[in-house]
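# 3D model of this:
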Amino acid sequence: MFNLNALIEKCRPGLIVRDIREIDFRSLKARGINALIFDIDDTLLPRAVNDISPDLFERIATLKQEGFRLCLTSNSRHPLRVKYIGKTLGVPAISFGFKPLPFAFRRSLEILQAEPAETAMIGDQLFMDILGANLVGLYSIFVWHKIPESFAPRIWMREAENRVLSKLGFSALP
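Below is the predicted model of the structure:
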């Protein structure tokens, strides 16, 4: 029988932040996480931006220097953009991920040569990034979406995310 409460619980992020700059990567390392899967759109870069800022480039370079293995995993249907961003950052990148299905997460784990328990997924979509990560056993970090949506299905998705977050006890970001 379908259990809505169990599905909602599978959407519970391990951590919620406003921006990736708020993530304490040292504490992740201390808990045994040494592999990171990043979503691209509205997590690392706004959806319509193709340019890598010096701040983002430096942040990714620092994570690599600190020993993290990185992979970009996107549902984007623009493989050239995903490839360009990955190449510019020096990070393997997957497009057409079909998150929350497990395929892209498992492929990312293969690329990273990592186990789920040592890997975190960082993304801005509760029903794609966080649900998928939790289903595969990754530590999940939800980046609070800050850019207003203009496309009706995305507006509805964000409203549904807010309802689920509220049921999970996250009414607003502190």
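
# where in the protein is pLDDT low?
Counting by pLDDT under 70, the chain shows low-confidence ranges at 1, 146, 172-174.

# In it, what residue spans correspond to helices?
With DSSP state H, the ranges of helices along the chain come out as 4-10, 25-30, 54-65, 79-89, 102-112, 131-136, 152-167.

# got the contact list for residue 88?
By C-beta atoms under 8 Å, 6 or more residues apart in numbering, residue 88 lies in contact with 52, 57. The way it works is simple: take the backbone N, C-alpha and C, and place the C-beta from them, glycine included.

# For residue 74, see how far away it is.
Distance, residue 88 to residue 74, by C-beta to C-beta, to the nearest Å: 14 Å.

# go on, residue 41?
Residue 41 is 7 Å from residue 74, by C-beta to C-beta.

# higher neighbour count, those two?
Legend: neighbour count by other C-beta atoms under 10 Å for residue 41 and residue 74, higher for residue 74 (27 against 21).

# correct me, but the more buried one touches residue 95?
Yes - counting by C-beta atoms under 8 Å, residue 74 does reach residue 95; the two are 5.4 Å apart.

# list residues touching both of the two?
In terms of C-beta under 8 Å, 6+ apart, residue 74 and residue 95 are both contacted by the residues residue 82.

# quick one on the thing from earlier: of the helices of the chain, which stretch is the most buried?
Mean neighbour count (mean count of other C-beta atoms under 10 Å) peaks for helix 131-136 among the helices of the chain, with a mean of 22.

# chain center to it: distance?
Distance, stretch centre to chain centre, for helix 131-136: 11 Å (C-alpha atoms, centre = their mean, to the nearest Å).
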